[in-house]
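[1] need the 3D shape of this:
(chains A and B)
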Amino acid sequence: AQKITQTQPGMFVQEKEAVTLDCTYDTSDPSYGLFWYKQPSSGEMIFLIYQGSYDQQNATEGRYSLNFQKARKSANLVISASQLGDSAMYFCAMSPIQGAQKLVFGQGTRLTINP
Amino acid sequence: DAGITQSPRHKVTETGTPVTLRCHQTENHRYMYWYRQDPGHGLRLIHYSYGVKDTDKGEVSDGYSVSRSKTEDFLLTLESATSSQTSVYFCAISEILSNQPQHFGDGTRLSIL
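    This next block holds a predicted model:
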């Protein structure tokens, strides 16, 4: 079974600062995918970034980067130069590589950006 | 945005009544999923489909059934709704490639009184 743990229920950051959201995972699968989603107060789920367990380099997408440390089973999301619009819930998730993408989610971290 | 439509968007019903939620996609994706979101739990997988008439259970499938008679439609049914099924329900779709993200519908807020 796969499990995701997000240990930060809430975080408060000043605008323009960088922020790291923690995610640790547990799985016995040799190959897996890791995802981060953003959920603003409006409720929709927005995909941010993906990291495959076999990827040699850490994933980056604009201001988002994923600090992937396989030996530590961590996949932290780094947001550079935070903006007020980054205030939202952030979910880490993982899925098997093969077949259906059965996502297992963490409990989420509520990020608040202060002006 | 991925073409995913959930209906209804909001529903209030009484314990013991049947409820059906619909998910419609225009992307012709193979895989479709139903999740529920409750405070403190993130999203949890209820059922998923890997093709027409091909479905399987997820983590929290008890009390739910699904059907997929066409590629574009995936129905979630609560045969006899209970208050513990009050939740926000999300439909999602994904392609065959594992590195392509799952895209979500806007959710259905279901309240069972």
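
[2] got the residues of chain A near chain B?
    Residues of chain A lying close to chain B by CB under 8 Å from any CB of the partner chain are A:4, A:33, A:35, A:37, A:43-45, A:47, A:50, A:52, A:91, A:93, A:95-108. (Each C-beta comes from the backbone N, C-alpha and C, glycine too.)

[3] report the buried members of these.
    Buried members of the residues of chain A next to chain B, counted by 16 or more other CB atoms under 10 Å in any protein chain shown: A:4, A:33, A:35, A:37, A:45, A:47, A:50, A:91, A:93, A:95-96, A:100-108.

[4] can you give me the neighbour number for residue 54?
    Using chain A. Neighbour count for A:Tyr54, taken as other CB atoms under 10 Å in any protein chain shown: 12.

[5] chain B is the one I meant
    The tally of other residues near B:Asp54 (other CB under 10 Å) stands at 12.

[6] picking that back up, show me the residues of chain A next to chain B that map onto helices.
    Taking DSSP state H, every one of those sits outside helices.

[7] please enumerate the strands of the chain.
    Picking chain A for this. Under the criterion DSSP state E, chain A contains strands at A:3-5, A:10-14, A:19-21, A:24-26, A:32-39, A:46-52, A:60-61, A:64-69, A:74-79, A:88-96, A:104-105, A:109-114.

[8] let me rephrase: I mean chain B.
    Ranges of strands within chain B are B:4-7, B:10-13, B:19-25, B:31-38, B:42-51, B:54-57, B:65-70, B:73-78, B:87-94, B:103-104, B:108-112, based on DSSP E.

[9] enumerate the residues of chain B near chain A.
    Residues of chain B lying close to chain A (CB under 8 Å from any CB) are B:31, B:33, B:35, B:40-45, B:48, B:50, B:56, B:58-59, B:88, B:90, B:92, B:94, B:98-99, B:101-104, B:106-107.

[10] rewinding a little: out of the strands of chain A, which is closest to B:Thr82?
    Taking CB to CB, strand A:104-105 is the member of the strands of chain A nearest to B:Thr82, at 22.8 Å.

[11] who touches the closest one?
    A:2-4, A:91-95, B:42-45, B:59 (CB atoms under 8 Å, 6 or more residues apart in numbering or on different chains).

[12] as TSV, these with pLDDT and distance to B:Arg68 would be great.
    Converted to TSV, the contacts of strand A:104-105 look like this (pLDDT from 0 to 100; distance: CB to CB, whole Å):
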residue	pLDDT	distance to B:Arg68
A:Gln2	91	24
A:Lys3	95	28
A:Ile4	97	27
A:Phe91	97	26
A:Cys92	98	28
A:Ala93	97	23
A:Met94	95	25
A:Ser95	93	20
B:Gly42	88	25
B:Leu43	96	20
B:Arg44	97	20
B:Leu45	97	15
B:Glu59	94	19
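
[13] out of these, which is nearest to A:Ala75?
    Looking across the contacts of strand A:104-105 and measuring by CB to CB, the closest to A:Ala75 is A:Cys92, at 6.3 Å.

[14] what's the separation between the closest residue to that closest one other than its chain neighbours and A:Lys73?
    In space, and not counting its chain neighbours, A:Cys92 is closest to A:Cys23: 3.5 Å by CB to CB, 6 or more residues apart in numbering or on different chains. Distance, A:Cys23 to A:Lys73, using CB to CB, to the nearest Å: 9 Å.

[15] and B:Thr108, by the same measure?
    In terms of CB to CB, B:Thr108 sits 34 Å off from A:Lys73.

[16] B:Leu78 too?
    According to CB to CB, B:Leu78 and A:Lys73 sit 36 Å apart.
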